[in-house]
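>>> have a look; sequence and predicted model below, questions after that.
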Amino acid sequence: MSKNFMGKEPVVELKLPVIPDIELSATKTAEVISKHMNLSEEKSAEISMALIESCINAFEHSKTKEIFIHFIVEPDKLTVKVIDKGVGFDKSKVEIPNIENKLNSDERKRGWGLQLVSELMDSVEYNSDESGTTVTMTKKRDNE
């Protein structure tokens, strides 16, 4: 990757209001950054899917009016932070749904967001309290 940033890797920051489908603008940014980093299409798609899930979770559960997304480009990885100033949550109280129960019922086929994000990214951390939540997701660079 070229160092056109005076020796410092770029950080891209977005501020998104809660409006329908706005998370798609974040995925466009993620695609540009992934291309800049020469990440595979598969890794780029995984980042975009994890980003969509994290944004939707923030929009639906935090009761905030806006979210912030930081893309931190490093030589060996991309770190994406999704930050809200909402009500926070206790991850230990979030139940992962039983897939058999969901598939065999009329119950909404929802509730897998946290599990999906953790499977799409190399690492995921949640820091949350009553002043908001930060989801920190990392995707390692391709081996070249």
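Yep, that arrived.

>>> for stretch 77-87, buried residues please.
For stretch 77-87, a neighbour-count test (16 or more other CB atoms under 10 Å) marks 78-86 as buried. C-beta coordinates here come from the backbone N, C-alpha and C atoms, glycine included.

>>> equivalent analysis for stretch 31-40, please.
Buried residues in stretch 31-40 (16+ other CB under 10 Å): 31, 33-34, 36-37, 39.

>>> how far out from the middle of the chain is stretch 15-24?
Mean-position distance between stretch 15-24 and its chain equals 13 Å (CA atoms, centre = their mean, to the nearest Å).

>>> now for V135, how many residues are close by?
V135 has 26 neighbouring residues, counting by other CB atoms under 10 Å.

>>> tell me if it really is in a strand.
Yes: V135 sits within a strand when classified using DSSP: H, G, I helix; E, B strand; the rest coil.

>>> Y126 is in contact with that one, correct?
Yes: counting by CB atoms under 8 Å, V135 does reach Y126; the two are 5.7 Å apart.

>>> now the element after the worst-scoring helix or strand of the chain on mean pLDDT, going C-ward?
Ranked by mean pLDDT, DSSP states H and E, the weakest helix or strand in the chain is helix 99-103, scoring a mean of 52. Next along the chain after helix 99-103, taking DSSP states H and E as the criterion, comes helix 113-120.

>>> re the thing from before, closest one of the buried residues of stretch 31-40 to S62?
Within these, proximity to S62 (CB to CB) peaks at I33, which comes in at 24.1 Å.

>>> distance-wise, check the closest one relative to I47.
Applying CB to CB, to the nearest Å, the value for I33 to I47 is 8 Å.

>>> shared neighbours, the two?
Shared contacts of I33 and I47, defined by CB atoms under 8 Å, 6 or more residues apart in numbering, comprise L78.

>>> before we move on, back to that, mind putting the buried residues of stretch 77-87 into JSON lines with pLDDT?
Converted to JSON lines, the buried residues of stretch 77-87 look like this (pLDDT from 0 to 100):
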{"residue": "L78", "pLDDT": "96"}
{"residue": "T79", "pLDDT": "97"}
{"residue": "V80", "pLDDT": "97"}
{"residue": "K81", "pLDDT": "97"}
{"residue": "V82", "pLDDT": "95"}
{"residue": "I83", "pLDDT": "95"}
{"residue": "D84", "pLDDT": "93"}
{"residue": "K85", "pLDDT": "90"}
{"residue": "G86", "pLDDT": "85"}
